[in-house]
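Peer 1: 3D model of this:
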Amino acid sequence: MSTEKIVVALGGNALQSGNGPATAQSQLEVVRKTCEHIAAISAMGYEIAVVHGNGPQVGRIVMASEAADQVTPAMPFDVCGAMSQGYIGYHIQQCLKYALNKSNRNIPVVTVATQMIVDAKDPAFSNPTKPIGPFYTQEEAKVLEQERGYIMKEDSGRGYRRVVASPLPQRIVEIEAVKQLWDHSIVITCGGGGIPVIENPDGTLEGVAAVIDKDFAAELLAEKVDADILMILTEVEKVSINFKKPNQQDLSRMTLAEAARYVQEGQFPAGSMLPKVEAAMKFVRTYPNKRAIITSLDKAVEALDGKTGTSITFN
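Peer 2: Numbering: from 1, shown residues only. I've put the predicted structure just below:
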C-alpha cells in the first residue's frame, strides 16, 4: 500500500450540479457522490488533504447579503468567503466521514478555517478575473453592471459572470495546524482558495475583497506539506489542446516545456483550464521528481493508476 501524500483540489462540479437547483440539499447530494471518490482514494492508502473552490457559493452568499441590506447589514466579501468555507467544509466532513465509515476506515475528517496572505500590491486587484456566482445572459449582465457596479465578463462560452480580483496566495496562516492534523485525519483546508487577508506592518491581518484561485492555493499547500502528488479534479477527463475544434487533441501527459508552450499559444482559457495547468507547472517546477494530475472526479482512481487523466511532469 502506498503512503504517498496527495493534495486533492475539487472543482465546482464536485460541489454542485450545473443542471440542478442551487439549494443546500441538492449541493449535499453532489458532495455525497464526490466523497465516495475521495474515500476510494483514501482506501488506496494515500494520505489526503482536500481543497475546494467556492466561486458559485460565495457569489450567492454575497448576493443574498446585499439583497437583504435593508433588513440587516451586508457582510464584507471576506466574511462571505469564510461563510462559504464553513458550510462547504461541513458538507464534505459529513459526507466523507460517512463514505469512509462504509469502507471501515475510521479516519477523522476536519475542516480548518484557513486564511491566506496576499500582497496588497498584487496587480490582480486592478484587473479582476475570477468568476463568482451564477451565469447570466448578456442583457442581465449589463443590468448588474449598471445597478450594482459589478464587473461582468463572458466565461468560456457559458454566459456572463461577475468577476473579482484573484491575487496569488503568498502564505497559509494556519499551515502549522494543518501539518499537526495531517498524520491523524483528512484535513479540508484552504477552502475557496483560503480567506484572502493582507498582513499589516503591525502584524494584524485584514480581510480583502477577492477570491484566490483554489488551484494555486492547493499547489501552495502541496509544497508546504511536501505532497507527492497534486491532483486537480475538474469536469474533463484529460487536458486538451484545440479544445472543441475539429483537431482537438486530448493529452495523456505533458512535460513542463510542453505545457509552457501550450500556455504561450493560448490553448487554455483563463477562467477555467489555465490556472489548473499553471498550478501543475509550478508544482513540478518546484519538485522535478514529483507529478501533478488533472482529470475528472469520476476518473481520479484510474488516473492515479496511470490509466487516464493528464499527468504533468518535469521531463
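Peer 1: Quick check, P288 in contact with T255.
Peer 2: No. Using Cβ atoms under 8 Å, P288 is not in contact with T255, being 10.7 Å away. (C-beta placed from N, C-alpha, C; glycine too.)
Peer 1: more neighbours, these two?
Peer 2: Of the pair P288 and T255, T255 is the one with more neighbours under other Cβ atoms under 10 Å, namely 15 against 11.
Peer 1: Need the nearest residue in space to the more buried one, chain neighbours excluded.
Peer 2: N315 (5.7 Å; Cβ to Cβ, 6 or more residues apart in numbering).
Peer 1: Measure how buried that neighbour is and give me the count.
Peer 2: Neighbour tally, N315, other Cβ under 10 Å: 8.
Peer 1: try Q94
Peer 2: Q94: 15 neighbours (other Cβ under 10 Å).
Peer 1: Now N200: closest residue in space that isn't a chain neighbour?
Peer 2: Closest to N200 by Cβ to Cβ, 6+ apart is E206, at 6.0 Å.
Peer 1: elements contacting the lengthiest helix in the chain?
Peer 2: Looking across the chain with DSSP state H, the single longest helix is helix 77-102. Contacts defined by 3 or more Cβ pairs under 8 Å, 6 or more residues apart in numbering; DSSP states H and E place helix 77-102 against helix 24-43, strand 47-52, helix 55-67, strand 109-111, strand 186-188, strand 195-199, strand 205-207.
Peer 1: ok now the fifth one, how far from the chain's centre?
Peer 2: If you compare the mean C-alpha spot of strand 186-188 with that of the full chain, they lie 14 Å apart, counting by Cα atoms, centre = their mean, to the nearest Å.
Peer 1: who touches that strand?
Peer 2: For strand 186-188, the external contacting residues (Cβ atoms under 8 Å, 6 or more residues apart in numbering) are 38, 42, 48-52, 89, 92-93, 96, 100, 107-112, 178, 181.
Peer 1: now swap in the fourth one and tell me
Peer 2: Outside strand 109-111, the residues within contact range by Cβ under 8 Å, 6+ apart are 85-86, 89-90, 92-93, 96-97, 100, 181, 185-189, 191.
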